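> quick one: sequence plus predicted model below, questions after.
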Amino acid sequence: MSKTLIRNIGQIVSGDIAKPLLDGDSIVADGGKIVSVGRALDDDADTVIDARGSTVVPGLLDSHCHPVFGDFTPRQRTIDFIESGLNGGITTMISAGEVHLPGRPKDIVGLKALAIVAAKAYANQRPAGVKMHAGAPILELGMVEEDFAEMARAGVRLVGEIGLGSVRTGKDAAPMVKWAKKHGMTVTIHTGGPSIAGSNAIGGDVVLEADPDVVGHINGGTTSMSEREIDALVATQMALEIVHCGNGKTALHALRRAREAKATHRIIIGLDAPSGTGVVPLGILRVLAHLVSLGGIAPEEAVCMATGNTARVYKLPTGVIAPGRDADLCIVDAPIGSQGRTALEALQVGDLFGVSMILIDGQIKIGRSRNTPPATRAAEVVKGQGPAAGGH
């Protein structure tokens, strides 16, 4: 891989919520990794990008996706939804279960086979360059520890939303969650009302007994739990997932309670799409603008919720701008016409920021986004080969 230098950066959001802003105006990536962050770095790079005073943030992570295979979703009969997400700043997606596969097998042999093939298929192919972490089995009654061990040996690292299958009580889920964690899997549970035919309502008491890693869509997917149940889950150590395709009111309630509990480091952000709500390429950006402009969280902290927080929960090497981490980066700015002067100020006034360039593993994947409003200051390749501009 070639070496890339981004210079003339106005602001760097680290992705680390403990220190969300970095002092520096330059980033160097080599071999797919960030190698240095600082001021006035002058590296003999193959590609040099002038950020023109705009902001660099880590590539966004969608903590809650429902892929099938490739870049197609039968749920909304849509192709290239992953590529559209890339144009919304998303460089990594995490499956919460391949639930929309036509004829999805629900027997134990079949569900294990689906999880294994999905994990391997997306490991072999990155649609549009996006890192899709898939293979998230939907748990069914009758599974034993060896089932989890078998999947783990084959590369399965996730467990999809508990509650979308026949496992629907805390008593049934708890031993399976323990087996999954023992074998290195990160476990998500559905919460709130049923989302698809055959799924179940899952309340806070079930979540507490099951003890997963992630409280899936704590603000509903799409129907939310009560505020009382949300309060009880904020008081745990589980990751608290806020999604676009959920309840906006309880999203703000969960944020408020997490701030009071000094637990914002446990908030992660996802889409819960493709779903009945649709394909939402700008959904993560919309959640950021919602939480910042209406919830009062600092914009740089909100960005960390959609990047470094999720990377920590899922033990991924991306999501943080620091030496040794994957060089998955978005160059962004306030959109033309915004009352905000920078990308972060745009979020404060409720606007989405404009994406002018995205890199994955240090390589430019797109220039001007075809989905976001145009950035006021657009990054420019001044050395090396530049990307084709997006369009509207």
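Nice, I can see it.
> how about the residue nearest the centre of the chain, secondary structure?
Central residue of the chain (CA atoms, centre = their mean): residue 62, 2.0 Å from the mean position. Three-state call for residue 62 (DSSP: H, G, I helix; E, B strand; the rest coil): strand.
> ok, it to residue 70 distance?
17 Å (CB to CB, to the nearest Å). Using the backbone N, CA and C atoms, a C-beta is placed for each residue, glycine as well.
> can you tell me the closest non-neighbouring residue to residue 326?
Leaving aside its chain neighbours, residue 326 sits nearest to residue 318 (4.1 Å; criterion: CB to CB, 6 or more residues apart in numbering).
> should've said residue 184
Nearest one to residue 184, counting by CB to CB, 6+ apart, is residue 152 at 5.8 Å.
> pLDDT at residue 196, what is it?
Looking at residue 196, its pLDDT is 72.
> that should have said residue 240, apologies.
Note on residue 240: pLDDT of 99.
> picking up where we left off before, would you say the residue nearest to residue 184 is within a strand?
No: counting by three-state DSSP, residue 152 is not part of a strand but helix.
> where's the residue of the chain positioned farthest from its centre, which helix or strand?
If you look at how far each residue of the chain sits from its centre, by CA atoms, centre = their mean, the farthest one is residue 44, at 32.9 Å. If you go by DSSP states H and E, residue 44 is not part of any helix or strand.
> quick one: name whatever helix or strand follows the helix or strand hosting residue 27.
Element membership of residue 27, judged by DSSP H and E, is strand 26-30. Downstream of strand 26-30, the next assigned helix or strand under DSSP H and E is strand 33-38.
> packing partners for that following strand?
Judged by 3 or more CB pairs under 8 Å, 6 or more residues apart in numbering; DSSP states H and E, strand 33-38 is in contact with strand 26-30.
> correct me, but the residue nearest to residue 326 touches residue 329?
No: counting by CB atoms under 8 Å, residue 318 sits too far from residue 329 to count as a contact (9.7 Å).
> shared neighbours, the two?
Both residue 318 and residue 329 are contacted by 58, 59, under the criterion CB atoms under 8 Å, 6 or more residues apart in numbering.
> could you chop this protein up by domain?
Domain assignment for the chain, taken from automatic domain parsing, gives 4-58+320-383, 60-281.
> now the helices for the protein?
Remark: helices assigned in the chain by DSSP state H are 81-86, 108-124, 145-153, 170-182, 204-210, 227-234, 248-260, 283-295, 299-305, 308-313, 343-348.
> among those helices, which is nearest residue 5?
helix 343-348 (20.4 Å; CB to CB).
> and that closest one, what other elements does it pack with?
Other elements packing on helix 343-348 under the criterion 3+ CB pairs under 8 Å, 6+ apart are strand 11-13, strand 55-58, helix 283-295, helix 299-305, strand 329-333.
> and that helix, C-alpha only, in CSV?
Output of helix 343-348 as CSV, limited to C-alpha atoms (Å, rounded to 0.1, in the frame of the first residue of the first chain):
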residue,chain,number,x,y,z
ALA,A,343,-18.3,20.4,10.5
LEU,A,344,-18.8,20.3,14.3
GLU,A,345,-20.6,23.6,14.4
ALA,A,346,-22.9,22.3,11.6
LEU,A,347,-24.0,19.4,14.0
GLN,A,348,-24.6,22.0,16.7
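> centre of the chain to it, how far?
The chain centre lies 20 Å from the centre of helix 343-348; the measure is CA atoms, centre = their mean, to the nearest Å.
> so where's the stretch 251-392 of the chain uncertain?
The stretch 251-392 of the chain contains residues with pLDDT under 70 at 388-392.
> gap between stretch 99-108 and the chain center?
24 Å.
> what residues of that stretch count as buried?
If you call a residue buried by 16 or more other CB atoms under 10 Å, then stretch 99-108 has these buried ones: 99, 100, 101, 104, 108.
> same check, this time on stretch 62-72
Buried residues in stretch 62-72 (16+ other CB under 10 Å): 62, 63, 64, 65, 66, 67, 68, 69, 71, 72.
> hang on, the first one packs against residue 274?
Yep, that's residue 62 we're talking about. No: taking contacts as CB under 8 Å, residue 62 lies outside contact range of residue 274: 11.2 Å.
> who wins for proximity to residue 310 among the domains of the chain?
domain 60-281 (4.1 Å).
> quick one: end-to-end distance for the closest one.
Its start and end residues considered, domain 60-281 measures 12 Å (CA to CA, to the nearest Å).
> mind checking how far that domain is from the chain centre?
Here domain 60-281 is found 11 Å from its chain centre; the criterion is CA atoms, centre = their mean.
> thanks a lot, catch you later.
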